[in-house]
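In: give me coordinates for this.
(one chain, ligands or ions: 2)
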Amino acid sequence: MSKLSLLTLLMVFFVGMAQGQELKSPNGKFSMRFSLQGNGVPTYTLTYKGKQVIKPSKLGFELITKGAATASGGSDANMEQKAVNLQGSLHDNFTVTDTKTATFNETWNPVWGEVKTIRNHYNELAVTMNQKGTDRQMVVRFRLFDDGLGFRYEFPTQKNLTYFVIKEERTQFGMAGDHTAFWIPGDYDTQEYDYTTSKLSEIKGIMSKAVTNNLSQTTFSPTGVQTSLMMKSKDGLYINLHEAALIDYPAMHLNLDDKSLVFESWLTPDAIGDKGYMQAPRSTPWRTVIVSDDARDILASKMTYNLNEPSKIKDTSWIKPVKYVGVWWEMITGKSTWSYTNDYPTVQLGITDFSKAKPNGTHGANTANVKRYIDFAAKHGFDGVLVEGWNVGWEDWFGNSKDYVFDFVTPYPDFDVKGIREYAQSKGVKMIMHHETSSSVRNYERHLDKAYQFMKDNGYDAVKSGYVGDILPRGENHYSQWIVNHYQHALEKAAEYKIMVNAHEAVRPTGIARTYPNLIGNESARGTEYQSFGGSKPNHVTLIPFTRLLGGPMDYTPGIFEMDLSKLNPDNKSHVNSTLANQLALYLTLYSPLQMAADLPENYDRFPDAFQFIKDVAVDWDDSKYLEAEPGEYITVARKAKGTGQWFLGSVGGNEARTSNIKLDFLDKGKKYVATIYADAKDAHYKTNPQAYNIRKVNVTSKSKLSQFVAPGGGYAISFVEATGK
Ligand code: NOJ
Ligand code: CA
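Out: Ligands and ions are numbered 1, 2, ... in the order given. Next up, the predicted model:
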């Protein structure tokens, strides 16, 4: 071979190496490229319609030497060898040993959801790499959908990588510009923050203001933020970074290098600072980048669910969407209490005698009050009633690193489990159990079987669990691998008992509900309760669907009609930053198969015409059409109810007043409808005049257009009924 042709061959080889492998989405709008850079460093890029979304970004891990002796069980030399193999990096010195491409196209039907059928269509590239010097293998699997990119790391069974501990995952997401970001502070223990809108480069300067108080919180970096992170570029791209299928791995945060505008993964550590305990074969969760130049596409994306496994629950007939009321808001506002007595400075289960205690007179979960809620639910057609504060221990439930706080089976003397069970049954209402763990996770696991069995024995099919305060065992965080495994364990065990789960303060969902559809709700973000703890920003509800809801539904607990909370409790000076019409719209804009009417029965009785909408609105859908969307500003969505085919529509605004202009072309062609529109009055305002609304009826068809005023912090809701007669 001549020198020239050898050179040409080498050039082709190296250019090929640098260019790497390209993958396109099924519709061709996305293009991603994998390549090895410099010293064998795995790198990827992503473009959408020719615009750069992810600039060259590195992939890999930093490992720690751990457990060599136990892993090898062999000679000293063996152990030494093992230690060498376990330590160091998994981010350079790679060569590509294999690449495989594939195409996948299926549709599936969720047990509950926004749509009847979900299409799961992607092109896949799996790159197998070998690390020189260590002879370790790592696969990066990319899936490119029409709505974005998902990729994960896989560690096949191999001799030189058996057990290993992750010091840090080094996945980069290099941003192509100083985007506007809608972010909450990165935190190992809470997700209950208001969103801040700023340029990426401004995050550091604003961070300390963005970190508001929580009962358990651990921030880690002035440029650390949480996923799901929503951004908008100057040239009109909407970009969302998140993860899917978080199983047996710590939750990922993002840390920004605000000079280069590159985010890097920042995993939640365990009690001793380690990030992930791995045993091959094993995969990480998927890292996701959802992109569009139309914000509505982000809300409609089902990519996060598609990256999860199909349902592992065969018989799902017992999983049912739920609209419920509860003995809850009265405690959150301080009108009543979870606790039963003021007699004891501390409580110890098994020692404290509640039968001898003097009732404090403010205990919400007393039988008479619970029956009042059951009557209200039955009268207005709600499926369920949640009761909090029914079990002993609430006198002394957090703040003292206390292990044995609750046993989940012992009611207070004034809560008649059997009587309530029979009463609810006679009225056709299901009771919803409450398990506040106070983050004493080991204690909860010890009691789980008995607690679930107690539920089944007493007619409860759904549980709201909670993780307030610092985690026990001490030093663990709310989103580390250990506790991610706990949430999963509680969910899987619940499935064995045919129990639906709604976990509060648990790790934000990542589409797991596809695999375990009994996860019908989570809180895992700042819910309505914060309106009673000082208030949330009026545009908060225009951001949750772009962030938190991409991983699964939220138990946001909407439906507050009395915004002046001093009317419930003179000591509560908080104000609900929302108009009444906005509260109605939330039943559409915050999709969930679990929806609460959170206010007190007496407040609904004051506004029967507006309450009618909450009674009518469905909670399960065959179709959803996002009509208008802009993060932080507005969301308008129309949904078609499962079973009845009835259309409903909800629209929420942000901090400013606006006019919503929509076409009703989603309605069935040729049909006539009466639209009942629940809207802000002209002088409505979330702060000064939140209860000013009007209700009007209009005849409409699929050719109609609507121009509707939305007040600051406002919204509107519509129910469409097919017109009968001519
Ligand atoms: C916080 C939850 O978010 C709230 O809904 C619950 O009432 C309290 N913890 C008490 O468990
Ligand atoms: Ca909470």
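In: so where is the protein shaky, pLDDT-wise?
Out: Residues of the chain meeting the criterion pLDDT under 70: 1-19, 65-87, 725-726.
In: and this protein, which of its residues are near ligand 2?
Out: By Cβ under 5 Å from the ion, the residues of the chain that approach ligand 2 are His504, Glu523. (Each C-beta comes from the backbone N, C-alpha and C, glycine too.)
In: switch to 6 Å and redo it
Out: By Cβ under 6 Å from the ion, the residues of the chain that approach ligand 2 are Glu192, His504, Glu505, Glu523, Glu529.
In: ChimeraX command for the buried members of these?
Out: In ChimeraX, a selection of the buried entries from the residues of the chain next to ligand 2 looks like this (16 or more other Cβ atoms under 10 Å):
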select :192,504,505,523,529
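In: what is the most widely separated pair among the residues of the chain next to ligand 2?
Out: Pairwise distances among the residues of the chain next to ligand 2 were taken by Cβ to Cβ; the largest, 10.9 Å, belongs to Glu505 and Glu529.
In: which ones are touching the closest residue to Glu656 other than its chain neighbours?
Out: Leaving out its chain neighbours, the residue that sits closest to Glu656 by Cβ to Cβ, 6 or more residues apart in numbering is Pro712, at 5.7 Å. Shown in contact with Pro712 (Cβ atoms under 8 Å, 6 or more residues apart in numbering): Pro538, Gly653, Gly654, Asn655, Glu656, Ala657, His685, Tyr686, Lys687.
In: got the contact list for the third one?
Out: Neighbour list for Gly654: Pro538, Asn539, Thr542, Gly632, Glu633, Tyr634, Pro712, Gly713 [criterion: Cβ under 8 Å, 6+ apart].
In: if we can go back for a sec, of the residues of the chain next to ligand 2, list those near ligand 1.
Out: Among the residues of the chain next to ligand 2, the residues that sit close to ligand 1 (Cβ under 6 Å from any ligand atom) are His504, Glu523, Glu529.
In: the second one is in contact with Arg548, isn't it?
Out: No: here Glu523 does not reach Arg548: they are 9.3 Å apart, not a contact under Cβ atoms under 8 Å.
In: hey, what's in contact with both of these two?
Out: Residues touching both Glu523 and Arg548 by Cβ under 8 Å, 6+ apart: Met554.
In: which residues does Glu169 bridge with?
Out: On the basis of DSSP bridges, Glu169 is bridged to Phe61.
In: contacts only, for it.
Out: Each residue near Glu169 by Cβ under 8 Å, 6+ apart is listed here: Gly60, Phe61, Met252, Ser265, Leu267, Lys275, Gly276, Thr284.
In: now with 10 Å, please.
Out: By Cβ atoms under 10 Å, 6 or more residues apart in numbering, the contact set of Glu169 is 59-62, 90-91, 153, 249-250, 252, 264-267, 275-276, 284, 287.
In: repeat that for Ala102.
Out: By Cβ under 10 Å, 6+ apart, the residues touching Ala102 are Tyr122, Asn123, Glu124, Leu125, Ala126, Arg141, Arg143.
In: ok, now Thr196?
Out: 181-185, 202-203, 206-207, 209-211, 225, 537, 543.
In: which one of these is nearest Lys573?
Out: Set against Lys573, the nearest of the contacts of Thr196 by Cβ to Cβ is Lys537 (17.6 Å).
In: coming back round to it: mind checking which of the contacts of Glu169 are in strands?
Out: In this view, the contacts of Glu169 that belong to strands under DSSP state E are Phe61, Glu62, Leu90, Tyr153, Met252, Glu264, Ser265, Trp266, Leu267, Gly276, Arg287.
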